[in-house]
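>>> Quick one, what's the 3D model for this:
(one chain, ligands or ions: 1)
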Amino acid sequence: KRRTSKKQNKNLPPSPPKLPFIGNLHQLGSLPHQSLWQLSKTYGPVMHLQLGKMLTVVISSPEAAKEVLKTYDLDSCSRPPLQGARRLTYNYQDVAFSPYGEYWREIRKICVVELFSVKRVQSYESIREEEITNMINSISRHSLSSPNSSSVDLTEKLFALTASMIFRIAFGTSFAGSDFNHNKFNELVHAAEATMGSFSAAEIFPYVGWIVDWLSGLNRRREKVFRELDSFFQRVVDEHLNPGRTKPQQEDIIDVLLKIIKEQARFGAALLTEKNIKAVLLNMFLGGVDTSAITMIWAMAELAKNPTLMKKAQEEVRNIVGNKGKVTNSDIEKLHYLKMIIKETFRLHPAGPLLLPRESTSKFKVNGYEIYPKTLIQVNVWGIGRDPKIWSDPEEFIPERFMDNSIDYKGQHFELLPFGSGRRICPGMYMGTTTVELGLANLLYSFDWELPNGMKEEVLNMDESAGLCLSLAKKTPLELVPKKHLFA
Ligand code: HEM
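Okay, the predicted model is just below:
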């Protein structure tokens with residue numbers, strides 16, 4: 001049973017004042033990473049909050065993040081059993097929400113070694129290039145067919161791009177080749193994300209919360225999304241099991257997982273089942289589609305707001321690629337300025353502003369305060385990215401700050417943690433950054449971009465939208481006017 005602060009208020013981190021019953025819940029607001037960052041300015045980089053019945057510790061400095069994610073990684077790398085995720089993960093039989101233990105270690109190893117390894121990601125190079133070419137062609141058609149320079153909705157284009165890529169990588173067919181409607185699928189994935197992210201009353205209020213969830217229809221909505229996704233995933237798995245199926249050129253993710261199941265059965269060590277395949281597919285859609293799209297959208301929005309930086313990035317990519325027609329994987333390593341733009345985007349707009357919640361499994365101390373077992377831990381990487389003690393002009397988008405600076409985002413530098421760090425670090429980091437780099441490079445190479453209707457850069461709306469499960473989206477769609485770049 002989750003502990004409450006009454007039993008252990010000896011040396012807990014400082015906390016804002018609480019209300020009876022709900023504790024600090026009312027202080028979260030609609031953008032919790034922002035409210036928590038404000039609170040941390042008063043209560044410090046290690047503070048505790050009572051969210052209903054859940055004791056939560058919020059970490060808001062690189063030093064404290066290093067303690068949790070490195071020094072005490074093993075003591076804090078479990079996940080809380082969130083009700084929103086329970087059904088959709090077949091009782092936490094996925095990677096992202098599975099508690100720390102033998103099963104998680106095994107499935108995590110499969111992800112790192114088999115599914116998202118550098119070799120596997122490289123094997124999907126042609127899928128990435130084809131899907132990006134499709135997007136560029138569709139923007140070109142738009143730009144040619146509207147001589148009065150009407151804008152395209154880049155938010156829609158980039159979500160469609162990452163969804164199509166993950167769909168093909170996971171299932172081996174494209175949306176066009178499946179009987180699943182593109183929009184319907186995106187709708188379903190977003191509904192799943194929303195149910196995952198929704199707080200259950202059952203989680204927050206002891207004894208009576210389940211009644212609220214039942215009355216509000218939350219359980220019914222979760223069940224409906226679960227059934228639809230489950231039946232879709234099951235159908236694709238069954239198709240893969242059909243001996244008459246024509247296989248795609250590269251093994252897709254379902255092929256790889258089915259092969260592992262077969263091998264395990266041969267050695268009598270059956271650990272994975274079809275349920276695990278479906279749960280991992282869900283992780284790929286929830287973890288891989290929005291995060292990469294959102295990062296590209298924020299990067300393009302920042303560049304549209306800063307035309308000098310946009311021009312510098314375009315000159316770099318056009319000089320390096322020449323009139324080849326498109327940017328390919330082999331060009332990316334030479335695009336140093338683009339890489340700085342991506343780092344700066346991760347600093348200001350990390351797709352997971354609070355990472356995913358961790359749960360402690362033993363007692364340890366951070367900054368002299370006790371963290372007890374079964375505490376929910378959130379690391380505010382959004383706040384750390386905007387801390388004036390670490391970054392000069394923190395609210396400004398300045399890619400050049402990374403020029404003579406060794407800070408990277410791969411989990412070794414606790415000032416910049418868009419993918420987290422330690423045992424739970426995002427296993428899809430290479431897949432995500434490869435998509436973001438190639439997608440952005442091609443957008444910058446192929447078109448000049450302008451704000452619509454003579455809009456001034458200062459008025460471009462950069463508000464954040466209430467985060468769902470993981471992702472911190474731009475509130476309004478990014479509409480920009482593309483002008484096809486003509487090479488001499
Ligand atoms: C720009 C792109 C991406 C960003 C910013 C991102 C960010 C994150 C973050 C912040 C976490 C939580 C780490 C923690 O708890 O400490 C995470 C976990 C995870 N991500 Fe990503 N991600 C991205 C792309 C991807 C892709 C492409 C995939 C797979 C197709 C993926 C799959 C996962 C999975 C399975 C986990 C859970 C890992 C675990 O709990 O062991 N992510 N990601």
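>>> CA only for contacts and neighbour counts going forward, please
OK.
>>> Is Met462 in a helix, a strand, or coil?
coil (DSSP: H, G, I helix; E, B strand; the rest coil).
>>> I'd assumed Trp449 was in a strand, is it?
Yes: assigned with three-state DSSP, Trp449 falls within a strand.
>>> contacting residues around it?
304, 480-483 (C-alpha atoms under 8 Å, 6 or more residues apart in numbering).
>>> go on, His349?
Here His349 is in contact with 295, 298, 382, 472 (C-alpha under 8 Å, 6+ apart).
>>> isn't the third one right up against Leu355?
By that I understand Trp382. No: counting by C-alpha atoms under 8 Å, Trp382 stays clear of Leu355, with 9.2 Å between them.
>>> quick one: the strands in the protein?
46-51, 54-59, 152-153, 358-359, 364-366, 369-371, 376-379, 447-450, 479-484 (DSSP state E).
>>> right, so of these, which gets closest to the ligand?
strand 358-359 (6.5 Å; C-alpha to the nearest ligand atom).
>>> Show me what that closest one is packed against.
strand 376-379 (3 or more C-alpha pairs under 8 Å, 6 or more residues apart in numbering; DSSP states H and E).
>>> Sort out which residues of the strand it packs on are buried, please.
Within strand 376-379, the residues that count as buried by 16 or more other C-alpha atoms under 10 Å are 376-379.
>>> Next: stretch 362-381.
So for stretch 362-381, counting by 16+ other C-alpha under 10 Å, buried means 364, 366, 370-381.
>>> in the stretch 251-400 of the chain, what residue is nearest the ligand?
For the stretch 251-400 of the chain, C-alpha to the nearest ligand atom, closest residue to the ligand: Gly288, 3.5 Å.
>>> What of the stretch 101-250 of the chain?
Arg108 (6.0 Å).
>>> which one is that residue nearest to, not counting chain neighbours?
Val95 (6.2 Å; C-alpha to C-alpha, 6 or more residues apart in numbering).
>>> Leaving out chain neighbours, which residue sits closest to Gly29?
With C-alpha to C-alpha, 6+ apart, the residue lying closest to Gly29 is Ser35, at 6.5 Å.
>>> about what we covered before: out of the contacts of Trp449, who's the most crowded?
For the contacts of Trp449, the largest neighbour count, defined by other C-alpha atoms under 10 Å, is 24 neighbours, found at Pro482.
>>> residues contacting that residue?
139-140, 143, 149, 151-152, 447-450.
>>> Over to Asn91?
By C-alpha under 8 Å, 6+ apart, the neighbours of Asn91 are Ala85.
>>> so what's it scoring on pLDDT?
Asn91 carries a pLDDT value of 92.
>>> And it, how far from Pro81?
Distance, Asn91 to Pro81, by C-alpha to C-alpha, to the nearest Å: 9 Å.
>>> With Arg358 instead?
10 Å.
>>> what about the two, which has more around it?
Arg358 (27 against 15).
>>> Okay, and the beta partners of the more buried one?
Ile377 (DSSP bridges).
>>> shouldn't it be in contact with Leu82?
No: between Arg358 and Leu82 there is no contact under C-alpha under 8 Å: 10.9 Å.
>>> shaky segments in this protein?
Along the chain, the model assigns pLDDT under 70 to residues 1-9, 147-148, 175-182, 195-218, 466-471.
>>> Quick check: residues of it near the ligand?
95-96, 108, 283-284, 287-288, 291-292, 295, 351-352, 355-356, 418-421, 424-429, 431-433 (C-alpha under 6 Å from any ligand atom).
>>> Just the buried ones out of the residues you listed, please.
Applying 16+ other C-alpha under 10 Å to the residues of the chain next to the ligand flags 95-96, 108, 283-284, 287-288, 291-292, 295, 351-352, 355-356, 418-421, 424-429, 431-432 as buried.
>>> Looking at these, which are in helices?
108, 283-284, 287-288, 291-292, 295, 429, 431-432 (DSSP state H).
>>> how about a markdown table for those, with distance to Ala191 added?
Listed next are these as a markdown table, based on distance: C-alpha to C-alpha, whole Å:
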| residue | distance to Ala191 |
| --- | --- |
| Arg108 | 25 |
| Asn283 | 14 |
| Met284 | 15 |
| Gly287 | 14 |
| Gly288 | 15 |
| Thr291 | 16 |
| Ser292 | 18 |
| Thr295 | 21 |
| Met429 | 24 |
| Met431 | 24 |
| Gly432 | 22 |
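>>> if you go through the stretch 101-250 of the chain in chain order, where are the helices?
For the stretch 101-250 of the chain, applying DSSP state H, counting those that start in this stretch gives helices covering 102-110, 118-123, 125-145, 154-171, 182-197, 201-204, 209-216, 218-241.
>>> Same check on the stretch 301-450 of the chain?
Using DSSP H, counting those that start in this stretch, helices in the stretch 301-450 of the chain cover 307-321, 329-332, 336-348, 381-385, 429-446.
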